[in-house]
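Trainee: based on what follows, work out the 3D shape:
(2 chains)
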Amino acid sequence: MKAVINAENLSRWYGNVLGISEISLEITPGIKGLLGPNGAGKSTFLKILCGQLKPNLGTITIFDEPVFSNFRLFSRIGLCPEHECYYKSDTGWDEVLFKAKLHGFKGKEAAARTEVALEKVGLMDSKDKYIREYSLGMRQRLKLAVSFVHDPDILLLDEPLRGIDPLWRVKIIQLIKDYGKMGKTVIVSSHVLPEIEAMTNDIILIHQGKIFAQGDIHYIRGLLDSHPHMISVSCQNPRELAYLLIEKEYITNIHFDADSRKVIFDTNKRDQFFDRLNRIIVEKDLDISEITSPDDNLQAVFDYLVGK
Amino acid sequence: MGLKAAIKEIFSFFFKQELKAKRTKIFFLLSFVPVLILLIAKLIEIINPDTAGTAENVFTKAMLMVYFQLLIPVLALLYGAMVINEEVDNKTLVFLTTSPVPKASVILGKYAAYVLLANIIMNAGLVLCFLIINIDHLGSMSNVDNFFKFLGVGILASITYMALFTLLGTLMKKSIMMGIFFIFGWENVVQYFPGLTQKFTVVHWVKSLLPSVSESGDFLRFLVSQLEPSSAGQSLAVLVILVVGALVVASYIFQHKEYILSDLA
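Mentor: Predicted coordinates for the structure are as follows:
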């Protein structure tokens, strides 16, 4: 699939402070999670992507066009910025309608698009209220409506779920996933790992202005051979299972859960461990009720990569 | 979207938005303070005929001076600086600059909206003041021509000042301080320097367009007190060049400058 966003050796400083350093990426359609702690450089990268900042070094192109000061490109890009961004004396309707008009939609079409966007984020009932009277979550949802009122090909979402209540969080996550399924490119930035995990497995880990890793979460997990994987097995006799596996050099640690029949293995060779485990289960006819990998999620990868 | 259509959308949005703003209501109220003062002076005149001419004196000796030397440049500064500074301070700039509109349309659309609004605020009060001093002889109002000349020059002055302050706002974040220095320092002092120096002020060209003392009579003398007025044609040309030049440069800067809206990311 052809990349829609190409970044080559992007670097950006704020005076002596590093924003991002030598970031090279090719982003194809689908949902990409841009993950990193606060100050990692996620927002700097998104600001360069949406033409708010110029890179000090390197180049960025979207649809093979340069971004900065290329206003026509913005008919294909939607941005939900991290910060509050609304006109105080506007209603929700005015704000979204104005954006639709700036995208060249007129009269009834602009109004129809505004209605659809507000409906999707559940703000039609509050459309005539002043934005300053909205709650934080409502303002966040309004920013999202503004970002996709023109049905862009690329959606850049900087911490899109901040302040949104749990019910709407689920709906917005689904909205973003649906957008990705339509073949659009969605880049979601967050430092809250479960948020990203709920939307996509395709992640870009960023820390201290550099890309640490990118790709499918399982692929990234596979890169971390030296980092022990934690695998939990629930069975009738966990001590017997531990006995059968303890001789293997790739088992680095074994814990027992006192309250339940569960043994937790730490291994630095996950594939070999599972091969052996499967064989033991068959040979010894063990009654296994559950096998899970509690740290096989973004949090584990992220914590390991950033050296927590 | 083309430049013209974008200017129209931005003008329309910001004009309506600013009409609803609290500060506009405050400016409107303040602009009616002179009307109230004149109304009182006129009432005194009507009650006590010995004080005839009081309202006209107040109007010409205080109001017009306040209008040209204070109200026009200060309102122009506040609105002109707001064109970009307000977007940066409220972090709403990203709303406009991530839309498919030429960046120049943001400058020109907002500028046009604020010029219109500032002139409505300034001139509504001024017209009312003029009507009040002529209320007892509306059929034979004196100095109507001169009043409209003053009004026209006032509008041109506000257009010029606002273009300059719009440019200042695109250049620096704290443009208000620089603008205050320009209005109360540079303009107020340098206009009285002899020779070429006075021509480096906006007020010199504005005053050169005002009716002369002989045309307007004693009551307007304070307004036209200038050392060496330039010709009307030259003055008009300079003011137009200033407006066009300031807006072109402001648009160019806005097109190429980065505005950092928040803390480091």
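
Trainee: buried residues, whichever strand or helix holds B:V248. List them.
Mentor: Using DSSP states H and E, B:V248 maps to helix B:232-256. Under the neighbour-count criterion of 16 or more other CB atoms under 10 Å in any protein chain shown, helix B:232-256 has B:235-236, B:238-239, B:242-243, B:246-247, B:250-251, B:253-255 buried. Heads up, the C-betas are built off the backbone N, CA and C, glycines and all.

Trainee: please apply the same query to stretch B:145-155.
Mentor: B:146-147, B:149-151, B:153-155.

Trainee: quick check: B:V190 touching B:T197?
Mentor: Yes - between B:V190 and B:T197 there is a contact under CB atoms under 8 Å: 6.0 Å.

Trainee: coming back round to it: nearest to B:L261, of the buried residues of helix B:232-256?
Mentor: B:F254 (14.2 Å; CB to CB).

Trainee: re earlier: is the helix holding B:V248 in proximity to chain A?
Mentor: Yes - part of helix B:232-256 sits near chain A under the criterion CB under 8 Å from any CB of the partner chain, namely B:255-256.

Trainee: helices or strands next to that helix in the packing?
Mentor: helix B:103-133, helix B:144-171, helix B:202-209 (3 or more CB pairs under 8 Å, 6 or more residues apart in numbering or on different chains; DSSP states H and E).

Trainee: mean pLDDT for those helices - can I get that in CSV?
Mentor: Shown next, in CSV, are these (pLDDT from 0 to 100):
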stretch, mean pLDDT
helix B:103-133, 91
helix B:144-171, 91
helix B:202-209, 87
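
Trainee: out of the ones you listed, the one nearest chain A is which?
Mentor: Chain A lies closest, by CB to the nearest CB, to one member of the helices and strands packed on helix B:232-256: helix B:103-133, at 6.6 Å.

Trainee: all helices for chain A, in order.
Mentor: For chain A, the helices defined by DSSP state H cover A:42-49, A:92-102, A:107-120, A:136-148, A:166-181, A:193-199, A:217-223, A:238-245, A:270-284, A:298-305.

Trainee: redo those as a markdown table? Include distance to A:N70.
Mentor: Putting the helices of chain A into a markdown table (distance: least, CB to CB, whole Å) gives the following:
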| stretch | distance to A:N70 |
| --- | --- |
| helix A:42-49 | 12 |
| helix A:92-102 | 16 |
| helix A:107-120 | 23 |
| helix A:136-148 | 18 |
| helix A:166-181 | 23 |
| helix A:193-199 | 28 |
| helix A:217-223 | 33 |
| helix A:238-245 | 58 |
| helix A:270-284 | 46 |
| helix A:298-305 | 34 |
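
Trainee: of those helices, which is nearest B:I107?
Mentor: helix A:92-102 (14.7 Å).

Trainee: now tell me what touches that closest one from outside.
Mentor: Helix A:92-102 has contacts (CB atoms under 8 Å, 6 or more residues apart in numbering or on different chains) with A:86-87, A:90, A:109-111, A:113-114, A:117-118, A:123, A:126-129, A:131, A:134, A:138, A:142, A:145-146, A:149-150, B:1, B:6, B:9-10, B:13, B:17, B:95-96, B:99-101.

Trainee: buried ones only from the residues you listed, please, as a ChimeraX command.
Mentor: Those of the contacts of helix A:92-102 that count as buried under 16+ other CB under 10 Å are selected in ChimeraX with:
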select /A:86,87,90,110,111,113,114,117,118,123,126,127,131,134,138,142,145,146,149,150 /B:1,6,9,10,13,17,95,96,99,100,101
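
Trainee: any weak-confidence spans in the chain?
Mentor: Because you didn't say which chain, this covers chain A. A:220-227, A:259-260, A:295-303, A:305-308 (pLDDT under 70).

Trainee: try again with chain B
Mentor: For chain B, applying pLDDT under 70 flags the ranges B:52-54, B:60-65, B:138-142, B:212-227, B:262-265.

Trainee: contact partners for the residue nearest the centre of it?
Mentor: Centroid-nearest residue in chain B, with CA atoms, centre = their mean: B:S158, separated by 2.5 Å. Counting by CB under 8 Å, 6+ apart, B:S158 touches B:72, B:75-76, B:115, B:118-119, B:122.

Trainee: widest-spaced pair of these?
Mentor: B:I72 and B:V115, at 11.5 Å, using CB to CB across the contacts of B:S158.

Trainee: the more surrounded of these two?
Mentor: B:I72 (27 against 23; other CB atoms under 10 Å in any protein chain shown).

Trainee: contacts only, for the more buried one.
Mentor: In this structure, B:I72 makes contact with B:122, B:154, B:157-158, B:161, judged by CB under 8 Å, 6+ apart.

Trainee: now render these as CSV, adding distance to B:F130.
Mentor: Below are the contacts of B:I72 laid out as CSV (distance: CB to CB, whole Å):
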residue, distance to B:F130
B:M122, 13
B:G154, 12
B:A157, 17
B:S158, 17
B:Y161, 22
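
Trainee: tell me the one of the residues you listed nearest B:V83?
Mentor: Nearest to B:V83 out of these is B:Y161 (CB to CB; 12.7 Å).

Trainee: how deep is the closest one tucked in, by neighbour count?
Mentor: Counted with other CB under 10 Å, B:Y161 comes out at 30.

Trainee: skipping adjacent residues, who's closest to it in space?
Mentor: B:A76 (3.4 Å; CB to CB, 6 or more residues apart in numbering or on different chains).

Trainee: again, but for B:V35
Mentor: Of all residues not flanking B:V35 in the chain, B:L128 sits nearest, at 4.7 Å (CB to CB, 6+ apart).

Trainee: neighbours around that neighbour, how many?
Mentor: So B:L128, with other CB under 10 Å, has 16 neighbours.
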